[in-house]
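Colleague: quick one, what's the 3D model for this:
(4 chains)
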Protein chains: 2
Amino acid sequence: MWMGRETGCGSEHLIGPADGGRVPAANREGQASRMTHPEAGHQEAPPRRQVPARRRQAGSAIERACVARGLKMTGQRRVIARVLSEALDHPDVEEVYRRAARLDSRISIATVYRTVRLLEEKGILERRDFGGGRARYEPSEHGHHYHLIDVDTGRVIEFSEGGQEALLQAIAERLGFTIVSVRLELFGRRNVPERDEAERPGGNK
Amino acid sequence: MWMGRETGCGSEHLIGPADGGRVPAANREGQASRMTHPEAGHQEAPPRRQVPARRRQAGSAIERACVARGLKMTGQRRVIARVLSEALDHPDVEEVYRRAARLDSRISIATVYRTVRLLEEKGILERRDFGGGRARYEPSEHGHHYHLIDVDTGRVIEFSEGGQEALLQAIAERLGFTIVSVRLELFGRRNVPERDEAERPGGNK
DNA sequence: TTAAGTGCAAATACTTTGCTGAATC
DNA sequence: GATTCAGCAAAGTATTTGCACTTAA
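Modeller: Predicted coordinates for the structure are as follows:
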């Protein structure tokens, strides 16, 4: 009982920075194997399956969530909300800023940081850390799921696993805790069934 | 099939910074619920159950691992290795530095950063991120295990779950990947069976 | 109108690095 | 004795914040 949803670029050529991304110093993540491309290949607005025009008038899903929580909706927030609602990947702040600025240049990075933080506090967004030193965000409403990160390309694949929930809850229970949230990330390497290995993208040195 | 090993302070009073810790700005972590105390309460050398004197002469476990890998052993590295070998918690760089400096004041924070990074690359240490913006380290040889973080106190409890491994491997397999490493962290709240709740340490606002 | 949001730039916090002197193998 | 390492301070990168101005409700 599982279901995978790919969130990086649809294809395999996700190596490049895809934009003037920073990489120098803070090029570390959280696992033993260094991940060279923290979710390279961005994917913003749905390729062609945009939200029906009618629903657009009511704003993005996240915008509605903001309104529901009584947040003041400024133009900037509306744009940021839309960018995040339409994102199929897990953009970092810099990327959210880039996409938002494309829609409305009156937005500053500081506002993106502030907004994203506010939305996280309100439970509308969830912060993720797939290494690379930058925080990434995704709408909470995406439902519970976990991530599989391709250590060679940085691509992130989401998956959910029904049985897991209960098991984890049981473990926490035994330790005397109630789970507030779960972070399950698999860092893996793509299997190469056809040709034999030894020719991997990021090759382990 | 599970086994829990508590790694934070043994007791419950782990609120204080335990030392001149920084807290201001970078006070964010990775989950919806804000964790106010990123593993507060440090625990360095084993309270009283120190490594037998004989084994000490051969250096700490980590030192031996370094030698085995042909690393040049300087006094600083030896001290840092010892601090990490004897740590029962997951100290961040600043904390490793503090403990190391206590044993040998000729150590600079830059060296700690360099050493810790080197050891991670060599597979001797593993970097962890429990939120709070600082990387934490623990010896790889501690074996595979996961973490349960108390969102109220920041205490970290390690646990392992045999069945898990196979299941995760199966999931990765279905997605066409081979697992390189796993990150499973449960963020939870301690159950209060006796008195009713509403009076929690960090209280949610 | 008024509290809340925004831009900008400066400030923080964590981490890396260039360079020179020092220590290891 | 050559190569690698350490210290120091400066540079980077990610994120937050003070302040004056703007805007939503």
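
Colleague: low-confidence ranges in chain A?
Modeller: Chain A contains residues with pLDDT under 70 at A:1-58, A:193-205.

Colleague: check it for its longest strand and report it.
Modeller: With secondary structure taken from DSSP state E, chain A has its longest strand at strand A:177-190.

Colleague: by contact count, what packs against it?
Modeller: strand A:146-150, helix A:162-174, helix B:162-174, strand B:177-190 (3 or more Cβ pairs under 8 Å, 6 or more residues apart in numbering or on different chains; DSSP states H and E). Every C-beta, even on glycine, is put in place using the N, C-alpha and C of the backbone.

Colleague: partners of it, with directions?
Modeller: As defined by DSSP bridges, the strand partners of strand A:177-190 come to strand A:146-150 (parallel), strand B:177-190 (antiparallel).

Colleague: and the strands in chain A?
Modeller: A:2-6, A:125-128, A:136-139, A:146-150, A:156-161, A:177-190.

Colleague: just want the angle from the fourth one to helix B:162-174.
Modeller: Meaning strand A:146-150. 60 degrees (axes from the mean of the first three to the mean of the last three Cα atoms, to 10 degrees).

Colleague: again with the fifth one
Modeller: Using the same axes, to 10 degrees, the interaxial angle of strand A:156-161 with respect to helix B:162-174 works out to 130 degrees.

Colleague: for strand A:156-161, buried residues please.
Modeller: Residues of strand A:156-161 classed as buried by neighbour count (16 or more other Cβ atoms under 10 Å in any protein chain shown): A:V156, A:I157, A:E158, A:F159, A:S160, A:E161.

Colleague: tell me the strands beside it, with direction?
Modeller: Applying DSSP bridges, one finds strand A:156-161 paired with strand A:2-6 (antiparallel), strand A:146-150 (antiparallel).

Colleague: mind saving the C-alpha coords of the last one as CSV?
Modeller: Pointing back at strand A:146-150 there. Output of strand A:146-150 as CSV, limited to C-alpha atoms (Å, rounded to 0.1, in the frame of the first residue of the first chain):
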residue,chain,number,x,y,z
TYR,A,146,7.6,10.8,3.0
HIS,A,147,10.5,11.6,0.7
LEU,A,148,13.0,9.6,-1.2
ILE,A,149,16.0,11.8,-2.3
ASP,A,150,18.2,10.7,-5.1
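
Colleague: what's in contact with it?
Modeller: A:4, A:8, A:35, A:39, A:128, A:130-131, A:155-161, A:164, A:182, A:184-190, B:171-172, B:175, B:177 (Cβ atoms under 8 Å, 6 or more residues apart in numbering or on different chains).

Colleague: you'd agree A:A61 is up against A:L125?
Modeller: No - in this structure A:A61 lies outside contact range of A:L125 using Cβ atoms under 8 Å: 11.6 Å.

Colleague: which residues are in contact with each of these two?
Modeller: Counting by Cβ under 8 Å, 6+ apart, the shared contacts of A:A61 and A:L125 are A:P139.

Colleague: of the two, who's got more company?
Modeller: For the pair A:A61 and A:L125, the greater number of neighbours falls to A:L125 (24 against 18), based on other Cβ atoms under 10 Å in any protein chain shown.

Colleague: what's across from that one in the sheet?
Modeller: A:P139.

Colleague: so for stretch A:83-103, what gets flagged as buried?
Modeller: For stretch A:83-103, by 16+ other Cβ under 10 Å, it's A:83-101.

Colleague: just the strands paired with strand A:177-190: most buried one?
Modeller: Greatest average neighbour count among those goes to strand A:146-150 (a mean of 23), per mean count of other Cβ atoms under 10 Å in any protein chain shown.

Colleague: A:G131: neighbour count?
Modeller: If we define neighbours as other Cβ under 10 Å, then A:G131 has 24 of them.

Colleague: near DNA strand D, anything from stretch A:137-146?
Modeller: No - against DNA strand D, stretch A:137-146 shows no contacts by Cβ under 7 Å from any atom of the strand, the least distance being 9.7 Å.

Colleague: next one: stretch A:94-113
Modeller: Yes - between stretch A:94-113 and DNA strand D, judged by Cβ under 7 Å from any atom of the strand, the touching residues are A:E94, A:I109, A:A110, A:Y113.

Colleague: leaving out the residues flanking it, which one is nearest to the last one?
Modeller: What it means is A:Y113. Nearest non-adjacent residue to A:Y113, counting by Cβ to Cβ, 6 or more residues apart in numbering or on different chains: A:V93, 5.8 Å away.

Colleague: can you pull the contacts of that neighbour?
Modeller: A:V93 makes contact with A:I109, A:V112, A:Y113, A:V116, A:R134, A:A135, A:Y137, according to Cβ under 8 Å, 6+ apart.

Colleague: now rank these by neighbours and give me the top one.
Modeller: Going by other Cβ under 10 Å, A:V112 tops these with 26 neighbours.
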